[in-house]
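# Predicted model follows, preceded by the sequence.
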Amino acid sequence: MCSPDRLVILDRDGVINLDSDEYVKTLTEWIPYPSAIHAISRLSRAGWTVAVATNQSGIARGYYDEATLNRMHAELNRLVSEDGGRIAHIAWCPHSPSDGCSCRKPLPGLLEQIGVALGMRDLKGSWMVGDSMRDLQAGNAVEAQPILVLTGKGKRTLDKHPELANSEDTTRIFDDLAQFADWLLEQ
């Protein structure tokens, strides 16, 4: 069992891989950032537990199925493993925004699923890394430390919410996952 202060939860699209306004629908469209794969493995090798929490409403919209999503996640796990790291758990929400589920970010359900899977009662003090406000809000709901990366939709999020740039005591901002990993490993 890991402790919350050694847990890093990552959004997927825009943090680990290229995002698309048209959805990432196939394994060939799932294009990881090489620096993100290496950042995950570096964190893992340094004793951090890394998990992924990702909204995947493309399933509810009929753009792809669970088997396709599983292939993307198998490839993610393979790449991280080949680089010497490990992802402890991947939680995903297949619902559309109108489904009224409790798992779709900004609600904390996916993060709570990660906590259950990892045997943690609370996630206070963990890290939530995302490129959107809903990622940060989900993290805040479980008292995780919010991290905004400027990859994916991160720059757009910062443009819409310039107050984030002035909230270093709450939300820290990094160019990408690799820069966050560098910072965290130096702490």
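All right, it came through fine.

# Every contact and neighbour count from this point should use C-alpha atoms.
Will do.

# Residue 186: how many residues sit nearby?
Around residue 186 there are 7 other residues, counting by other C-alpha atoms under 10 Å.

# From residue 179, how far off is it?
Distance of residue 186 to residue 179, given as C-alpha to C-alpha, to the nearest Å: 11 Å.

# Following element in sequence after the lengthiest strand in the chain, please.
Using DSSP state E, we find that the single longest strand of the chain is strand 49-55. Remark: after strand 49-55, the chain's next helix or strand is helix 66-82, criterion DSSP states H and E.

# Now find how far off-centre that next one is within its chain.
Distance of helix 66-82 from the chain centroid (C-alpha atoms, centre = their mean, to the nearest Å) equals 15 Å.

# where does this structure have low pLDDT?
Low-confidence segments of the chain, defined by pLDDT under 70, span residues 1, 167-169.

# same thing but at 90, please
For the chain, the stretches flagged by pLDDT under 90 are 1-5, 121, 162-170.

# And the strands in it?
7-10, 49-55, 89-93, 127-130, 145-149, 172-174.

# The third one - contacts with which helices or strands?
In terms of contact count using 3 or more C-alpha pairs under 8 Å, 6 or more residues apart in numbering; DSSP states H and E, strand 89-93 is assigned the packing partners strand 49-55, helix 109-117.

# Kindly tell me how buried residue 43 is, as a neighbour count.
Close neighbours of residue 43, defined as other C-alpha under 10 Å, add up to 23.

# Excluding covalently adjacent residues, which one is nearest to it?
Leaving out its chain neighbours, the residue that sits closest to residue 43 by C-alpha to C-alpha, 6 or more residues apart in numbering is residue 181, at 6.6 Å.

# okay but the one you found is in contact with residue 39, surely?
Yes - using C-alpha atoms under 8 Å, residue 181 is in contact with residue 39, at 5.8 Å.

# Have a look at the two and say which one is more surrounded.
residue 39 (23 against 19).

# So that one is in contact with residue 177, correct?
Yes - under the criterion of C-alpha under 8 Å, residue 39 makes contact with residue 177 at 6.6 Å.
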